Structure formats: C-alpha cells, structure tokens
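Participant: Here is the input, now give the coordinates:
(chains A and B)
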Amino acid sequence: MSAAWETVIGLETHVQLATVSKMFCGCSTRFGAPPNTNICPVCLGLPGALPVPNELAIALAVRAALALNCAVQARSVFARKNYFYPDLPKGYQISQYDRPLATAGHLSFLSPERGVVRAGIVRVHVEEDAGKSLHDRFPRATAVDLNRAGVPLIEIVTEPDFRSPQEARAYLLTLKQVLQYVGVSECDMEKGSLRVDANVSIRKPGSTALGVKCEVKNINAFSYVEKALTVERDRQIAVVEGGGTVTQATMLYDSKANTVRHQRSKEESKDYRYFPEPDLPPLILAEDWITEQRGTLPELPAAKRERFVSQYGLSQQDAGVLTAERSVADYYESVMHAGAEPKAAANWVMGEVLAHAKDHQEQLQVPAASLAGIIALVKGGTLSHQGAKKVFTEVAARGGDPRTVAEALGVIQVADTGVLTQWVDEVVSAHPAEAARFKGGEAKLMAFFVGQVMKASKGKADPKAAPRLLEERLSR
Amino acid sequence: MTEVEVLAAAKAAATRLSKAKRLNALLTPPAVVRKSLVAQAKAVRASGVLYGMPVAVKDNICTLDFPTTCGSKILEGYQSPYEATVVTKLKAAGALIAGKANLDEFAMGSSTEHSAYGRVLHPLDRTRVPGGSSGGSAALVAAGAVPAALGSETGGSVRQPAAFCGVVGIKPTYGRVSRYGLVAFGSSLDQVGVLGRSVHDAARVLSVISGRDPRDNTCEDRDSLRLPTVPERLEGFVIGIPKEYFPVDLHPGVRRACDRAIRALKDLGAAIRDVSLPHTAYAIPTYYVIAPAEASSNLARFDGVRYGSRAGGVTTLADLYRETRGAGFGPEVQRRILVGTYVLSSGYYDAYYRKAQQMRALLAQDFRNVFDRGVDLLFTPTTPTVAFKAGERTKDPVAMYLADCFTAPANLTGVPAMSLPIGRVKGLPVGGQFIGQPFLEDDMIEAAYALERAISGTDEA
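Facilitator: As a prediction, the model looks like this:
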C-alpha cells in the first residue's frame, strides 16, 4: 500500500558530547555511576548556583557543526526552555533557541533507494541534558537520578529530506560515523549518548507540500529506527486510506509491541516560554578560533573512502568497509605504510583483522608492521595462507616477529628443490599404482600426489613448487 | 585590633543585635548569632582589611553558618551546602558574619512587609516601613547593631531602604560583584549591594566583595574595586541633574533636601548641569515585565522535589507542584510569577518581553548620551517620598512599585548607583542618589565622601 504514498521524514538527533565534565559544572559525566553521585550545587539547581560553560563542550560542538558543513555563528545565545518535571532540577533546561550555534549544513549519505543523497542540516545547537526518572524502581513512586542532569548535548535538526525509514537509518549511521570520526561523541544509543526523534508525514508522490507531521519519540536503538518509522508511516497511511486525516501529535514507540501510542496532541503541547538565559552572556566565537577548529578536523569518512579508491585502487565496497571506522582505516594505512600490497592488505584487514577484533573487544592486537611482515612472507612463498593465519593468531596473542614466530610454529614452507625431491620420490615410490594410472593419462591424480607430499612434509612443502617436481618425476 | 578586642567587639555586636530584636530585622535568633560570632572571632585570621568587622547578610545570600530562607515559607530552615562567593570573600577579609537579615520574600518588595517571618519595623518610627527589600539589612545598620550589611538589588532594594533608614547604600555596576550564591530573582538585574553607616564602611565592604569569580559568567574579569581617597573638593566633577527625577509631585521635603545637597556640591567646586533622561518614566513598567519574567523562571526550582518545603497528602505530580508552591510562596511572589509567566507566553512575548528589552536599550542609551557629553555623575533623590506607613501600600501593588521609580533605571541599565543620607523631614531620613558610569564606582564614592562631609545627614532639610 505504501507505493501510493511518499514518506517524508525529518530527524532531530541528540548527541552527548565526549567530555569528562558536565556542560555547566565540573561534575563527572561517567555513565553507570551510582545514582545521584555525580552532582553539585550547579547541576542540582540549588538556590544561588550559576552555570559556567564547559569550553571543551563548545569546541566539540563546533567541530561537529563543521563536520556537518554548517555555518558556525560568531554569536549565539543560550536560552531557557521552561517546564516542570522532577528530573529537571532548575525547572528549565539551558538550551539555544532563536540564535543557535550553527545553521545551514548538510550531510551526504548513501540511500538504499536513491544513491547518494544530501540531507540538509537546519541547525546544530548546544544544550544540557535532564536527569533520569525511574518509574519502575520503587512501587508507586518515581525515583530521580540526576547524574545525567547537565551532561552536554548537541541537537542536530535535519530538513525533512528522508523518503523512507531505510533512508533515515542510513543517514543516522552516516551521522554516527562522522561524529565518531571527529571524536565528538561515542554515539552509543544503548547508553543514551545518541537519541533520535523523528517527524514523519506522508503525501502523494509528486506533491511538494508537506503533510501533517507526527513526532515519534522513544526510539532507543539503531535496530528500532526502521521499525518505529515504518509503524508510524503505516499508521498514517491507514488513517488516510480509511478516510480520516492525520492530526499533529507526539507518538511514543513501544519496541516490545512494535507499535506507537499517542502521547500528546498539538493542543496539549507545552509552551516552553523560551527567553535568553540571563546567567550566560552570548557565546562569542572568534573567526580565528573557528578556523583553528576546522584545521584540526580529521579527514571525514566520505573523503577517505574516495581517496582509498583512487590511491589504493580498491573497490568502493572494500573502501567503504575499511573506512567505516576511523581506527580501522588508520590501521589499514599503517599496514600500507609498512610496505604491504593494497589488495592483499585490504583482504587481510577485512578478513582476519576484523574477525579477530570482533572476538577481542574491538582491539586491533597485531601491530600494523607485523601484519605487513606476514603479508610479505605469504607473497614470498615462505608462508602458506593457512600458516599465515596461525602466525597471525600467535602474534595477536603473544606478539613477536612474524618470521621468528613462523619458525617456532614450524609453518615455514619448503621450496628447496633438494628437500622437496626427497618427499616427491618417497611419495611416488609408495604409490606405484597411482603413478601408473597418472602415466596412463589420469591427470586429476596430481592433486592426490600434491596432498601426499604435503602430508609427508607435515605441511611444510610449498604447494606451488611441488607439482612441477611431481610432473618431472612421474613423466620419467 | 587584637584578638581580645575582636572577641569583645563580637560580643558587643551580639548584644546590640539582641537589643535590636524588636525591629524583627534579624532572622537568626540572638543566641545563635552570639554563639556563632564568638566562634568566628576566635577562628578569624588577623590579616584581613575587615578584621573583626561584624557584617549582617541578607537572607537571600547563601551562608554555611546560618540557614538561608529568602524570607519564604518554601525555604523554611533551608541550609545551603555551599556559601556565596561574597560571603567567602568577607570571611577571607576577616569579617564576622553577624546573622541573616530579614527581607521581602525572595527580595520582592519595597517595604519588607512581604516576609513570611513578619515585617521589619523602621528604627526611627515603628509605624513605618524601613523600605525594601533589604529592609532588615538597612534597619540593622541604622539601629547601630552592625556597621555594615550585605543587601541585594534588583530594582533598588539596597538604595531605597538605605534612603528610608538614613544609611548609605551602594549598588555596584552589574558584573562588578559575583552573584554566585545570591538566590536569583531577576538574574539580569540582580547585584549584591552594601549598606553601611558611612560611605567609607559601605565602600570598603564593597571593595572586599567585588572582583572576578570563575563561578559567575556574568561577573566581569576585573580586579576588586580600589577605594578612592576622601577629596577636599570636587573641582573638575561635572554633575548632571536629570529633570525627570524632580517631578512636580516630588515630596517637598525630599526636594528641599536635594536642593541643599546640590548647593553643597556646587560649593565643593563641582559643575552642576541640567540634563534629561527622557525614557525614565518607562523604567517601572519595563522593570515589571523583565523582573517578573526572569523570576517566574528562577523560582521554578522551588517545586518541593529536592529541597525546601513539600506539600503532604498529594497523589499527583501536578498537585505536588500546585500545593507546594501555593502554600510555600506568599501573595506578592505568586503575583510576580503569574505576571512573568504571562509575559513570556507564546503570543505575548513580543508585546511584553521583547518590547521591554527594547525599552531597556533606550534607557541605557539615555545614560550613555548624558555621560558621553562630559557628565561624570548624576545626582537625584533616591526615592520620591520618605518612609511610608506600614500597610499603606500593601493593598496597592502599583503604588508600592513606584517607590522604586528613581532606582530601577540603574538596575535596568547596569550602571552603579548609591544613596546617602542628605537630611531629614520631620525626623525621617531623605536619601540623595549618585548614579555613575559603568565600573567607575570610585568617582561616585569620591563625590559621596565629599558630600557626606559637607552636609549633615541628620539635620532637618
């Protein structure tokens, strides 16, 4: 039924900035501390306490904005967003409103349906997080944990530029990748360091006007993004096709039931009474400082991917895998600098290295130079691929020079004709019947003889050198 | 002073504070103050410039030594776990904290009749008000219980009670003194101020509490105020007399006292110049949009969740808020929260809050225009009347608000201003006001030193 409708989605993403201390006080931002231990007069909202901005948080927010191609404003203004809730200690959240930190950016991502799509970024602004209300901890009571109150966030608001739940997810993954590259945030949805709200509407294909939107909240894992948005889109289509109209509302996603439920309508929405925060002067950023921040930005994933394709001759696919995470891309380049051949290095990193890392807390345990050494040993015929894997595992576990490790493991291949000839003679003598059949034209028996040579050599024979010697011996 | 003398002075201050109890100016019980003063006198380091000086502190400034109630039921018995920067600075200079002074609830009022802990009496006439909201601080200084006290200003709350009680009151430039630990009312207007029995007492306390504070982003990164020397003459000073501060209905006694003070300034060699601040009449309406707007947000934290009083027997969150705040806040505070909430509401913001901010800019331009034309200081009456009768204005909020019409402009524009006694009318003090240029408190204090010496603040005008 969805073909008759076009889905329009815009996203508001909250990202926790990777600072050690909170946005307006010196309290720790550590996740998982015992409740109400990372608190002070400022983040508790005690009478008389005042906020002081965290300069690192501002720098990270600016870096994020620059990575999202935004115009960073020389002057932005903090504002109070007023509402009552027990986990909001001051009765207002310090945020930014009509003068945000940055505006008019964009981020390109790969849409599963439309290829490369450029999503508009309306704004990036800085704000503090609220605390956490725990409704299920004590019977008939709500507990409040204020460890999170005052943790620095940026909110990234997009244009309604996504045309499917799949596109929304693809954008989010790209956003996460970029922010992780820049070192702005861990972007861990499960720990709440990346949270997303979506505005969803539908319209007839070809229409340029926007339909009535509903906001979907409580999407708290990447795996729920598509599901939640699909459920909401389908709900809207069902409403309209059933002869009804969509009314503006906030919907909460329930991941257990995979449904959305109505939270509040537009009429019930709060009046936040925003006004400029009088406790903080406008945030003035010098042009030079912004330029300096721009200069410290690392190469971003898209640029790196393109460079890997052109510089190393890799496929888009392989370059994409290698640049998905900055640490992996950096590792690959270190292997290259140690003299490895691009394609072989790519195969090793995408294969053994990533598989090993997955089983070892994402640690890249084999030094890049060692991997380059292993690759060189394979190329020179000293190691078989199987032998090389054993060396890799050993180096990962205990370190050491690859050749020394290979010798210790006894996996060095023997290409020496004299030694090989002995094994060949042994094998041919031991299997006269097969030798006769081979001579009679059964060429497929070569594989049998090579296998026997490998067996006799306990795997040390160079499988590329053995067939030539067998051929000579058997044709005699 | 020696250690023995300081201890004796602390005990004497405790006795004087105890004798002033009838004024209801001090919220801390006399016995508690005495015990604390003795302990502080024994512990205080002898190096500070305020060594042994007892200073009362308005009860909206957080202290570790005493509870901080803001004159409100909602903070009854509230003990702050930290102390205000100004209090730390006072202690570091050797001052002794002489208890907490009564005030209008959350500093909202001009008569100190709006305290949940009862009104403060005028030291010279108990049927009258001492002014407000720092009425407790002013009354304690006027009664001779302490040489100086901290107050706070949002619209005139130091200068107006100083004028009513016949003491000196200084409101420094916005950003001169840290607000960290001052319970916020109107954050863009609030400043800690000082009340003193003389210009020198007020000025030297101000000097100690002034200066940078990394905990307050609105506090300027400047050294503390340097005190001027007492001048012989005021030659070279150009003092502007703004006509808007001398309306036809100005209290005749106040006018006489001001005229006499202006003649004295002229005799001291100052050049007197008539000037105009055309937007002055809009100061009070502007103030009563901005201050309540900020207050409505600043007072949201008093919700019964984390500290302060909490309503019992409620079952919903909305009831918890409604009952706690309904019972905890007095009528004037509730009125201002309602006004502030209204003017910030979507659909009304532009008509009220934005317009008020525009007017605020015009008021600041008024001052700049005058100061840019060579005027060093302005001299005006501090208040349009002398201390009024208790109960006279409590039923008429607007009449009460107009008590601040000559003081609020300095808060709206951030400029420094001070009041000093310039005479009496039928025994009641009249205050004269100097308004200075931003961060030039020293000019204002210099002129005040000279005027204080030239005229008697206690003579009938």
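Participant: mind checking pLDDT for the closest residue to A:Y97 other than its chain neighbours?
Facilitator: Among residues not flanking A:Y97 along the chain, A:A79 sits closest, at 3.8 Å (CB to CB, 6 or more residues apart in numbering or on different chains). Glycine gets a C-beta too; all of them are placed from N, C-alpha and C. Model confidence at A:A79, expressed as pLDDT, equals 97.
Participant: Could you do A:E472 as well?
Facilitator: pLDDT for A:E472: 78.
Participant: before we move on, which element is it in?
Facilitator: In this structure, A:E472 sits in helix A:466-474 according to DSSP states H and E.
Participant: Residues of the stretch 251-400 of chain B that sit close to chain A?
Facilitator: Applying CB under 8 Å from any CB of the partner chain, one finds that the stretch 251-400 of chain B approaches chain A through B:293-294, B:296-297, B:299-303, B:305-307, B:317, B:321, B:341, B:344-346, B:349, B:353.
Participant: Any quick ChimeraX command for the buried ones out of these?
Facilitator: Typed into ChimeraX, the line below selects the buried ones among these, using 16 or more other CB atoms under 10 Å in any protein chain shown:
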select /B:293,294,296,297,299,300,301,302,303,305,306,307,321,341,344,349,353
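Participant: got the contact list for the host helix or strand of the residue nearest to A:Y97?
Facilitator: Here A:A79, judged by DSSP H and E, is contained in strand A:78-82. Contact with strand A:78-82 is made by A:53, A:91-99, A:126-127, A:272-277, A:280, A:282-283, B:296-297, B:300, B:344, as judged by CB atoms under 8 Å, 6 or more residues apart in numbering or on different chains.
Participant: List the ones among the residues you listed that fall in strands.
Facilitator: With strands identified by DSSP state E, the entries of the contacts of strand A:78-82 that belong to them are A:Y92, A:Q93, A:I94, A:S95, A:Q96, A:V126, A:E127, A:F275, A:P276, A:L283.
Participant: Pretty sure the second one sits against A:E127.
Facilitator: Yes. With contact defined as CB atoms under 8 Å, A:Q93 reaches A:E127; the gap is 6.3 Å.
Participant: So, low pLDDT: which residues of the chain?
Facilitator: No chain in the question, so chain A it is. A:1-3, A:267, A:361, A:406, A:413-418, A:476 (pLDDT under 70).
Participant: for chain B, what are the nearby residues on it?
Facilitator: When proximity is defined by CB under 8 Å from any CB, chain A lies next to chain B at A:41, A:44-53, A:80, A:82, A:84, A:86, A:89-92, A:144, A:271, A:273-275, A:278-281.
Participant: Run a quick neighbour tally on residue 40.
Facilitator: Let's take chain A. For A:C40, the count of nearby residues is 16 (other CB atoms under 10 Å in any protein chain shown).
Participant: looking at chain B here, not the other one
Facilitator: Neighbour count of B:Q40, defined by other CB under 10 Å: 21.
Participant: Return the backbone torsion pair for the closest residue to it other than its chain neighbours.
Facilitator: With CB to CB, 6+ apart as the criterion, B:Q40 has its nearest non-adjacent residue at 4.5 Å, and that residue is B:L96. Backbone torsions for B:L96, taken as degrees, to the nearest 10, come to phi -110, psi 130.
Participant: By proximity to chain A, which residue of the stretch 351-461 of chain B wins?
Facilitator: Going by CB to the nearest CB, chain A is nearest to B:Y353 of the stretch 351-461 of chain B, at 6.2 Å.
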